[in-house]
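Participant: here is the input, now give the coordinates:
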Amino acid sequence: MRRTSPKSLRPEDALDRLRALANPANVAGMARFGINSHHTLGIPIPALRKLAREAGRDHALADALWESGVHEARILAALVDDPALVTEEQMERWVAGFDSWDVCDQVCSNLLDRTPFAYRKAAEWSARPEEFVKRAGFALMAALAVHDKAAPDAAFLAFLPLIERETGDDRNFVKKAVNWALRQIGKRNGGLRGAAIETARRVRGQGSRSARWIASDALRELEGKGPA
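Facilitator: So this is what the prediction gives:
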C-alpha cells in the first residue's frame, strides 16, 4: 500500500505538474471515446499513476485537486486520497461532480470501493436518476466484485435484483455499467456465475433494446461463447 509521502506535494505544484504534461492532441482522441473534453488536459493514466506514487497518500491534496475541476486532477485525487478518511459527505459531493465516464470509473475503482460506505452507496446510487450517479452505483458494484476478495456471496447476490431493475435504462453510460457489474459479479466464482446467468436470462426476456444488449453480452462472456 502506498504510504503518505514524507514531502507533501502542494496542490498548486501538483496542478503545475499536470499542466506541464498536457497533450491537446490526446484530448481529441479521448472525446472520440465519449470522454468529456471540458477542462481536460489529455494526460494518460500511467502518467497520473506515476505522479500519485510520488505524492503518496494525502487527503488534503486530494480534496484540493478535486475542487480544481480539472479532469485529470480529479482522477489523481482518487489515486492519492486515503479511503479511511473519506466521508459520506465527500462521496456525495464528488459523485455529484461526475461529468465523464472515465472520472466516474477511476474514482469508484481506485478509491470509493475501498470505503466502508461502498456497498450502501452502490445500492443507493443505482436508483438515482442522474446518469453518472447511477453509473457510479454500478461501477462500484463491479469494482467491489473485483477488489473485495473477502466479501461473502450474499453481498453480491443482493446486487442482482438492482441490476435487473435497471436494465431498461437505455442511456449508454448506464447500460454499459449495468452490464459491467453483472459480468464482474458472475466472474467471482461458480455460484455467483450461475446466479448472474439466471439474472441475464430473465433480463433477456424483458424486451427492451438495452435489456437485450446487456443480457446477450453478459451471457456471451459468462457462458463461454465469446472472448472474456
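
Participant: so where do the helices sit in the protein?
Facilitator: For the chain, applying DSSP state H gives helices covering 11-20, 24-32, 45-55, 59-68, 71-80, 88-96, 101-110, 118-126, 131-147, 153-157, 160-165, 172-186, 190-204, 209-222.

Participant: would you list these in a markdown table and tack on distance to His39 and mean pLDDT?
Facilitator: Backbone N, C-alpha and C define where each C-beta goes, glycine included. Shown next, in a markdown table, are the helices of the chain (distance: least, Cβ to Cβ, whole Å; pLDDT from 0 to 100):
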| stretch | distance to His39 | mean pLDDT |
| --- | --- | --- |
| helix 11-20 | 11 | 95 |
| helix 24-32 | 10 | 82 |
| helix 45-55 | 15 | 96 |
| helix 59-68 | 8 | 97 |
| helix 71-80 | 5 | 97 |
| helix 88-96 | 15 | 98 |
| helix 101-110 | 11 | 98 |
| helix 118-126 | 23 | 98 |
| helix 131-147 | 15 | 98 |
| helix 153-157 | 35 | 98 |
| helix 160-165 | 32 | 98 |
| helix 172-186 | 19 | 98 |
| helix 190-204 | 37 | 97 |
| helix 209-222 | 30 | 97 |
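
Participant: mind checking which residue lies nearest the centre of the protein?
Facilitator: Asp105 (2.3 Å; Cα atoms, centre = their mean).

Participant: mind pulling up the pLDDT for the residue lying closest to His71 once chain neighbours are set aside?
Facilitator: Spatial nearest neighbour of His71, excluding adjacent residues (Cβ to Cβ, 6 or more residues apart in numbering): Thr40 at 4.0 Å. Listed pLDDT for Thr40 reads 92.

Participant: just give me the neighbour total for Thr40.
Facilitator: Counted with other Cβ atoms under 10 Å, residues neighbouring Thr40 total 20.

Participant: that one contacts Arg74, correct?
Facilitator: No. With contact defined as Cβ atoms under 8 Å, Thr40 and Arg74 do not form a contacting pair (10.1 Å).

Participant: just to revisit the earlier point, now the residue nearest to His71: phi and psi?
Facilitator: phi -110, psi 140 (degrees, to the nearest 10).
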